[in-house]
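**Q** coordinates for the following, if possible.
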Amino acid sequence: MVKLAMTDLRTRTIKANGLTFTADEMGEGDAVALFLHGFPESRWSWRHQLPLLAGMGWRAVAPDMRGYGQSSRPGGVEAYKVDRLVEDVAGMFDALGAKRRLLIAHDWGALVAWVFAIERRLPLDGLIIMNVPHPGALARVRWNVRQWLRSWYIGFFQLPAIPERALTAGGGRMVVKAFRDSAIDKSRFTDADLEPFRRNVLEPGAATAMVNYYRANFPGLGRYGKGPRIEVPTLMVWGEEDVALGIELTEDYEPFVADLTLNRLPGVSHWVQQEAPEAVNARMEAWLRARGLA
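**A** So this is what the prediction gives:
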């Protein structure tokens, strides 16, 4: 494996699906590993994983999702429906000339990745999911009071204007607090680590775009749980101390995924790839090699 450092990183724009995406990129070629971040994050979420994948021969690309960072920020709730986010992913793969495709995704990015794989929008060589369940697993707990109490913020985000004010108050204090309050190893979330996320939420229109992911897609994601079983080899890495998503959401995936490898990490929070990058990277590397993807 080639050893790469963040000094090898390039920042570029990708034009896809009628939008422009700002992305960090390492490596070359037409084997593309596309990284999809979650809320309230950005491409910076993948700073620990890009060198690993590039060193294993992939062109590792981490974009800011639509509405985030310096990527296009279309207006209106409808612009953030999951089917449009799936088309963004397909468009980016095409724009990058991908002939082999790997999706690596966390949180909201993982929901998009699940739907991309369920709908078989483009062929994938592998799928790596972090701390978000398959929509079918999520649908199974729709009447579970404990899970809905964990996910109270989804209801809060349906309110007009108030969530945006909360996210931007005090210079983005709520974003910093979201990471630190729920992390187990808080040393992984220094001011420098969190500054890109804090700064991003303060960009004009960014807070509304971020919240619109929730407004556009809840309820409604459950229908994707009835889609065809995913045949793509899939790795799910899960920090067990996720305050928003119960560990039971990782269980009984045989109806949903034909070839699933589950790696649960005790003592790690929802922000798994940032809080425990060494453990996450080791499991990713082992799985990719075992599946002939390196």
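**Q** where exactly do the helices run in the stretch 51-200 of the chain?
**A** In the stretch 51-200 of the chain, helices defined by DSSP state H, counting those that start in this stretch lie at 82-95, 108-118, 135-140, 145-150, 152-156, 162-182, 191-201, listed in chain order.
**Q** wait, which of those is closest to residue 252?
**A** Relative to residue 252, the nearest member of these by Cβ to Cβ is helix 135-140, separated by 7.7 Å. (C-beta placed from N, C-alpha, C; glycine too.)
**Q** same question for the closest one, mean pLDDT?
**A** The predicted model assigns helix 135-140 a mean pLDDT of 92.
**Q** dump the C-alpha coordinates for that helix into CSV.
**A** Below are the C-alpha coordinates for helix 135-140, written out as CSV (Å, rounded to 0.1, in the frame of the first residue of the first chain):
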residue,chain,number,x,y,z
PRO,A,135,-34.4,2.0,5.8
GLY,A,136,-36.1,-1.3,6.4
ALA,A,137,-34.5,-1.6,9.8
LEU,A,138,-35.5,1.9,10.6
ALA,A,139,-39.1,1.2,9.6
ARG,A,140,-39.2,-1.8,12.0
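**Q** which elements pack onto that helix?
**A** Under the contact criterion of 3 or more Cβ pairs under 8 Å, 6 or more residues apart in numbering; DSSP states H and E, the helices and strands touching helix 135-140 comprise helix 108-118.
**Q** what's the mean pLDDT across the helix it packs on?
**A** When the per-residue pLDDT values of helix 108-118 are averaged, the result is 98.
**Q** chain center to that helix: distance?
**A** Helix 108-118 has its average C-alpha position 8 Å from the chain's average C-alpha position, going by Cα atoms, centre = their mean, to the nearest Å.
**Q** give me the residues contacting it.
**A** Outside of helix 108-118, the residues within contact range by Cβ atoms under 8 Å, 6 or more residues apart in numbering are 35-39, 65, 82-83, 85-86, 89-90, 103-105, 122, 124, 127, 129-132, 134-135, 213, 217, 221, 224, 227-228, 230, 232, 234.
**Q** how about 6 Å then?
**A** Applying Cβ atoms under 6 Å, 6 or more residues apart in numbering, the external contacts of helix 108-118 come out as 36-39, 82, 85-86, 89, 103, 105, 127, 129, 132, 134-135, 213, 224, 227, 230, 232.
**Q** so who does residue 174 touch?
**A** Here residue 174 is in contact with 166-167 (criterion: Cβ under 6 Å, 6+ apart).
**Q** picking that back up, how about the helices of the stretch 51-200 of the chain in CSV, adding distance to residue 7?
**A** Written out in CSV, the entries for the helices of the stretch 51-200 of the chain read as follows (distance: least, Cβ to Cβ, whole Å):
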stretch, distance to residue 7
helix 82-95, 24
helix 108-118, 25
helix 135-140, 39
helix 145-150, 40
helix 152-156, 37
helix 162-182, 26
helix 191-201, 17
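**Q** weakest of those helices by average pLDDT?
**A** For the helices of the stretch 51-200 of the chain, the stretch scoring lowest in mean pLDDT is helix 145-150; its value is a mean of 73.
**Q** distance-wise, check the spatially closest residue to residue 39 that is not a sequence neighbour relative to residue 56.
**A** Excluding the flanking residues, the one nearest residue 39 by Cβ to Cβ, 6 or more residues apart in numbering is residue 108, at 5.1 Å. Residue 108 sits at a distance of 25 Å from residue 56 (criterion: Cβ to Cβ, to the nearest Å).
**Q** okay, those two: which has more neighbours?
**A** Neighbours of residue 108 and residue 56, each counted by other Cβ atoms under 10 Å, are more numerous for residue 108; the result is 24 against 21.
**Q** ok, that one to residue 154 distance?
**A** When Cβ to Cβ is applied, the distance between residue 108 and residue 154 equals 12 Å.
**Q** same check on residue 126?
**A** In this structure, residue 126 lies at 29 Å from residue 154, with Cβ to Cβ as the measure.
**Q** the two: who's more crowded?
**A** Taking neighbours as other Cβ under 10 Å, residue 126 and residue 154 compare with residue 126 leading, 22 against 15.
**Q** who's in contact with the more buried one?
**A** When contacts are counted by Cβ under 6 Å, 6+ apart, residue 126 is found next to 102, 233, 293.
**Q** also residue 287?
**A** With contact taken as Cβ under 6 Å, 6+ apart, residue 287 is in contact with 235, 261.
**Q** rerun at 10 Å
**A** Contacts of residue 287 were listed using Cβ atoms under 10 Å, 6 or more residues apart in numbering, and they are 126, 128, 233-235, 237, 261, 263, 293-294.
**Q** burial measure for the residue nearest to residue 67 when sequence neighbours are not counted, as a count.
**A** Take residue 67 and drop its neighbours on the chain: the residue closest to it by Cβ to Cβ, 6+ apart is residue 209, 2.8 Å away. By the other Cβ under 10 Å criterion, the neighbourhood of residue 209 contains 24 residues.
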